[in-house]
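Trainee: I need the structure of the sequence given here:
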Amino acid sequence: MTLRFSVLASGSTGNAFYIGTDKVNLLVDAGLSGKKLEGLLNEIHVNPHELDGILVTHEHSDHIKGVGIAARRYNLPIYANPKTWEAMEPHIGKIDQEQKFHFDMETVKTFEDLDIESFGVSHDAADPMFFSFHYEGKKVSMLTDTGYVSERMKKTVDNSDAILFESNHDVGMLQMGGYPWNVKRRILSDKGHVSNEDAAVAMLDVIGRQTQHIYLGHLSQDNNMIDLARMSVEQILKKHDIAVGEELTLEDTSPNQPTPICYL
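Mentor: So this is what the prediction gives:
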């Protein structure tokens, strides 16, 4: 019996995450075309017809673009909090009433043998939230799309076996880049995205004895690079005596390539 997951896609162009046990298979977000999503699932040998539902973190298009398509194509229930439902419903097409479910923030829902804990983040969306997944003493957490990492967020994801952690931008690249100032200000704000350095500092408070993998997620295509994100995070972690590459591995993610399935 195992908990398994893959970061199917992560980045400003589209996000999707797969997690499963022997009894349940779930998607978190589907911010890609239906065809792309099916291709990514096939790459990790997951039959989309065996999925049991879609959890939605928030209504931005890079998280919901394919939600309605997938729900209709594979007859999947969709779970989101009420404000997210209200914000995303005009953008996902017709969904049958029996496929609509509420998953309130700061609650725990049980799907077969998987307990899922929801928690709020700070982002410019209606009511954004992410998840920690609990199974047989194992824990996998997702924390992206937030302008800062609060103590409450840290407490929720603390000592996870694996964490998908936002490492969105390099501050210097963003400041020197071609984005309009109002966009730069939004990204740098408390409701924007976490930088490489701020991500690493937050990681210092959540890496525990169980933590084996940190996936660097939601990298900006214009204001970051995979090597730069990894180097920036690794420098800070090693400076604080965290043995990166030994007990803990930093994993890359991609906007168009799934990570190999991780089994815990």
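Trainee: Show the low-confidence segments of the protein, by residue range.
Mentor: Within the chain, not a single segment meets pLDDT under 70.
Trainee: The helix ranked longest in it: which residues count as buried?
Mentor: In the chain, assigned by DSSP state H, the helix with the most residues is helix 226-239. Neighbour counts over helix 226-239 (16 or more other CB atoms under 10 Å) mark Leu228, Ala229, Arg230, Ser232, Val233, Glu234, Ile236, Leu237 as buried. Heads up, the C-betas are built off the backbone N, CA and C, glycines and all.
Trainee: Can you add distance to Lys184 and give these back as CSV?
Mentor: Shown next, in CSV, are the buried residues of helix 226-239 (distance: CB to CB, whole Å):
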residue, distance to Lys184
Leu228, 18
Ala229, 18
Arg230, 23
Ser232, 19
Val233, 22
Glu234, 26
Ile236, 23
Leu237, 27
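Trainee: which of the residues you listed sit farthest apart?
Mentor: Spanning the widest gap among those are Leu228 and Leu237, at 15.0 Å by CB to CB.
Trainee: the helices in the stretch 51-200 of the chain, which residues?
Mentor: Along the stretch 51-200 of the chain, counting by DSSP state H, counting those that start in this stretch, helices occupy 61-64, 67-74, 82-88, 151-157, 171-176, 181-188, 196-206.
Trainee: for these, which one sits closest to Glu112?
Mentor: Nearest to Glu112 among these is helix 67-74 (17.5 Å), distances taken as CB to CB.
Trainee: How about residues contacting that closest one?
Mentor: When contacts are defined by CB atoms under 8 Å, 6 or more residues apart in numbering, helix 67-74 is touched by residues 27, 29-30, 33-34, 37, 48-49, 51, 54, 56, 76-78, 88, 91-95, 99.
Trainee: One more: stretch 148-155?
Mentor: Stretch 148-155 has contacts (CB under 8 Å, 6+ apart) with 119-122, 143, 146, 190, 194, 198-199, 202, 205-206.
Trainee: which one among those residues gets closest to Ala16?
Mentor: Among the contacts of stretch 148-155, Leu143 lies closest to Ala16 (CB to CB), at 16.0 Å.
Trainee: so that closest one touches Val157, yeah?
Mentor: Yes. Under the criterion of CB atoms under 8 Å, Leu143 makes contact with Val157 at 5.5 Å.
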